[in-house]
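> build me a model from this:
(one chain, ligands or ions: 1)
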Amino acid sequence: MALHISDDMLAEIRNAADIVEMISARVYLKKAGKDFVGLCPFHSEKTPSFTVSQGKQIFYCFGCGAGGNIFNFLMRYDGVSFPEAVQAVARHYGISLPEKNMSPEQKKQASEREHLLALNHRVMQFYKNILLKDSRGQGARQYLKQRGMDRQIIERFNLGYVPEGWDNLIRFLRKSRVSMEMAEKAGLIAPKKQKGYYDRFRNRIIFPIVDISGQVIAFGGRVMDDSKPKYLNSPETPVYHKGRTLYGIHEAREQCRSRGCVFIVEGYFDLLVMHQHGLKNTVATLGTALTRDHIRRLSRAAGSGDKKAYLVFDSDEAGINAAKRTIGAFLEESMEAAVVLLPEGHDPDSYLFEHGPEAFDRLAQGAPSLFEFLIENTIAAHGKSVEGKVRVMGEIAPVLAEISDPVARSLYTRHLTESLGVDESAVLEKVRETRDKPSARSKRPGESKLSEGKGPEKGPAAREPLQDRLEVQVVAMMIQNPESIAEVEERNILDYFEDPGLQALGKLVSRQLKQEQAGVSGMLNHVEDEQQRRLLASFMMEDACWGRESCALLLSQFVQCKQRRKNDLLEQIRAAEQSNDNELLTKLLSKKQKQAAGRR
Ligand SMILES: [Zn+2]
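Here you go, the predicted structure:
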């Protein structure tokens with residue numbers, strides 16, 4: 001494979017790394033026996049089937065079949081390439097990677113992300129220094145003080161300021177010898193129409209946007225007066241994806257976990273004020289609607305117990321839109337959701353300063369569930385006249401149709417019929433009608449592109465392309481009892497394999513397990529085919545006990561089966577000869593040739 005980081009280096013990194021520690025930073029894991037389990041970040045589930053083995057240093061999901069080692073996990077979860085994943089683990093454990101081990105292309109890829117993150121970090125310091133220490137930050141300091149922001153919060157969230165002007169940052173970047181292309185890629189500057197660049201952020205308070213592991217991935221800027229746009233965010237970059245990012249998640253994750261609930265607000269200041277008032281289990285969406293991806297990430301961060309999300313809104317309309325879009329996603333993630341509606345004219349910022357956190361807590365206690373909120377408000381909007389009821393049904397039926405859990409759907413349907421005073425069968429009919437429309441289920445509003453084509457994948461139960469169970473079992477046996485490899489080789493078992501993928505896998509296993517240092521999780525680095533990797537991880541996860549006898553039994557079964565198939569083939573060839581079916585005969589003969597070739 002096209003990997004230039006040496007095996008020794010990989011082994012060193014793998015030995016230093018702990019998969020449980022790395023995954024725990026992203027998914028809430030609970031000890032279960034000798035393994036750790038959590039809710040799978042790759043498919044929707046209510047009971048944890050995502051399993052991480054500390055002993056074997058691999059993960060495997062019994063629900064969707066996702067599996068692999070630490071690098072495979074990071075590649076998929078963080079959306080990075082293999083060298084980037086290796087780099088991330090090495091960095092976490094303080095191992096420096098010799099760059100000469102990588103191809104120029106890999107070096108470029110791996111270092112681009114590193115460079116962008118490092119650049120963002122420096123730029124964060126630059127903006128922060130102006131806010132805290134520079135005379136040009138005087139006005140901004142005054143502004144934040146007026147808004148009641150504590151110095152502590154300002155420092156914890158690394159707020160910054162950039163003065164008026166088109167090249168404040170550019171001059172700093174030049175002085176620091178940062179390439180303009182890199183800064184443009186980071187979304188910090190933009191090209192002018194003619195020639196050169198200008199600063200994206202000007203005369204704004206700067207909010208660094210940090211991912212769950214604490215790295216600066218983007219920036220948000222807010223004006224201090226009424227100029228437009230009020231908020232400006234970094235564009236999407238190789239390290240920043242809006243639909244996946246929640247502001248404050250790094251600071252909030254511990255509290256989300258320990259309290260089992262999270263507040264979701266809309267703005268930067270709302271979030272800061274919540275934290276300042278001790279409501280530290282708060283995150284903010286960044287000018288985008290809450291996506292399924294957001295909800296899944298929150299649910300993973302909040303742990304596997306009972307958990308609840310409070311969507312905090314300052315208007316009915318925002319609440320109704322969010323409710324319609326996200327009820328299904330919250331249900332799928334087994335996360336209760338409620339809507340905290342603030343009194344008119346208030347946002348969390350103004351409300352907390354005026355009434356304090358206790359009053360806010362009381363509002364949350366009495367918050368209606370997402371569905372109750374939606375029904376009440378839709379009925380309030382259309383009234384209970386005949387036409388009103390028809391409109392309410394028209395609006396709620398698509399939401400009900402989106403709910404995949406039949407029990408939940410039926411309970412919500414009952415709730416609707418009771419609130420409207422209509423016959424249940426009428427609502428059911430309407431829901432069925434909506435569900436049957438092909439467009440209703442294929443397109444979910446607010447769904448991010450990333451999670452779209454990536455539904456639950458086929459688990460080990462659906463291994464159609466790898467037909468021969470015996471071949472599968474042989475490979476499993478080789479992994480679970482490496483002592484059997486000698487006999488497999490002696491009897492040339494792998495040469496008789498008909499599935500070329502399994503044959504390659506078997507050869508890899510026999511090659512790798514002969515080298516002491518490779519270890520099972522290291523073997524996964526050599527498998528590029530996703531399905532093969534899943535299969536391998538599932539074998540590794542099993543703790544089957546293979547005695548000498550059961551190994552011998554499996555191998556003789558295998559040989560007998562091959563012999564039987566060979567005899568069947570000879571039988572078929574004889575029949576084809578007798579009936580003069582030349583076409584069939586040619587086919588069978590070439591099959592026989594293939595079988596013979598496999599033995600060499
Ligand atoms: Zn899964």
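> quick one: name whatever helix or strand follows the helix or strand containing residue 271.
Residue 271 is part of helix 268-276, with elements assigned from DSSP states H and E. For helix 268-276, the following helix or strand on the C-terminal side (DSSP H and E) is strand 282-284.
> now do the helix or strand following that next one: which elements does it pack against?
Tracing the chain C-terminally past strand 282-284 and defining elements by DSSP H and E, one meets helix 292-302 next. When contacts are defined as 3 or more C-beta pairs under 8 Å, 6 or more residues apart in numbering; DSSP states H and E, helix 292-302 packs onto helix 249-259, strand 261-265, helix 316-332, helix 449-452. Where C-beta positions appear, they are placed from N, C-alpha and C, glycine not excepted.
> single out the most deeply packed of the ones you listed.
Stretch with highest mean neighbour count among the helices and strands packed on helix 292-302: strand 261-265 (a mean of 25; mean count of other C-beta atoms under 10 Å).
> what about the helices in the stretch 351-500 of the chain?
For the stretch 351-500 of the chain, the helices defined by DSSP state H, counting those that start in this stretch occupy 370-382, 386-402, 406-420, 424-436, 438-442, 449-452, 469-480, 485-490, 500-514.
> right, so of the ones you listed, which gets closest to the ion?
Nearest to the ion among the helices of the stretch 351-500 of the chain is helix 449-452 (12.9 Å), distances taken as C-beta to the ion.
> out of the helices of the stretch 351-500 of the chain, which gets nearest to residue 201?
With C-beta to C-beta as the measure, helix 449-452 is the member of those nearest residue 201 (26.6 Å).
> neighbours around residue 276, how many?
By other C-beta atoms under 10 Å, 21 other residues sit near residue 276.
> surely it meets residue 149?
Yes: between residue 276 and residue 149 there is a contact at 7.0 Å, judged by C-beta atoms under 8 Å.
> who's in contact with residue 148?
Listed by C-beta atoms under 8 Å, 6 or more residues apart in numbering, the contact set of residue 148 reads 273, 276, 353.
> could you find the closest non-adjacent residue to the second one?
For residue 276, the nearest residue in space outside its immediate sequence neighbours is residue 153; the separation is 4.8 Å by C-beta to C-beta, 6 or more residues apart in numbering.
> the first one now?
Taking C-beta to C-beta, 6+ apart, and ignoring the residues beside it in sequence, residue 273 has residue 349 as its nearest neighbour in space, at 4.6 Å.
> how about that neighbour, what does it touch?
Residue 349 makes contacts with 147, 267, 269, 270, 273, as judged by C-beta under 8 Å, 6+ apart.
> and which of these is nearest residue 308?
Out of these, the member with the shortest distance to residue 308 (by C-beta to C-beta) is residue 270, at 18.8 Å.
> wait, doesn't the closest one sit right on residue 347?
Yes: Residue 270 lies in contact with residue 347 (C-beta under 8 Å); the separation is 5.9 Å.
> what about these two, which has more around it?
More crowded of residue 270 and residue 347, by other C-beta under 10 Å: residue 270, with 25 against 18.
> quick one: contacts for the more buried one?
Residues in contact with residue 270 (C-beta under 8 Å, 6+ apart) are 284, 312, 347, 348, 349.
> recalculate using a threshold of 10 Å.
Residues in contact with residue 270 (C-beta atoms under 10 Å, 6 or more residues apart in numbering) are 247-248, 263-264, 282, 284, 312, 314, 342, 347-352.
> ok, and what's touching stretch 543-552?
The list of residues contacting stretch 543-552 from outside it, by C-beta under 10 Å, 6+ apart, reads 34, 53, 55-56, 473-474, 476-485, 487-488, 553-554.
> domains in the protein, by residue range?
7-102, 105-240, 246-457, 469-599 (automatic domain parsing).
> how about JSON lines for these, with mean pLDDT added?
Formatted as JSON lines, the domains of the chain follow (pLDDT from 0 to 100):
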{"stretch": "domain 7-102", "mean pLDDT": "85"}
{"stretch": "domain 105-240", "mean pLDDT": "93"}
{"stretch": "domain 246-457", "mean pLDDT": "84"}
{"stretch": "domain 469-599", "mean pLDDT": "82"}
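> okay, strands next: where are they in the stretch 501-600 of the chain?
Secondary structure of the stretch 501-600 of the chain by DSSP state E, counting those that start in this stretch: no strands are present.
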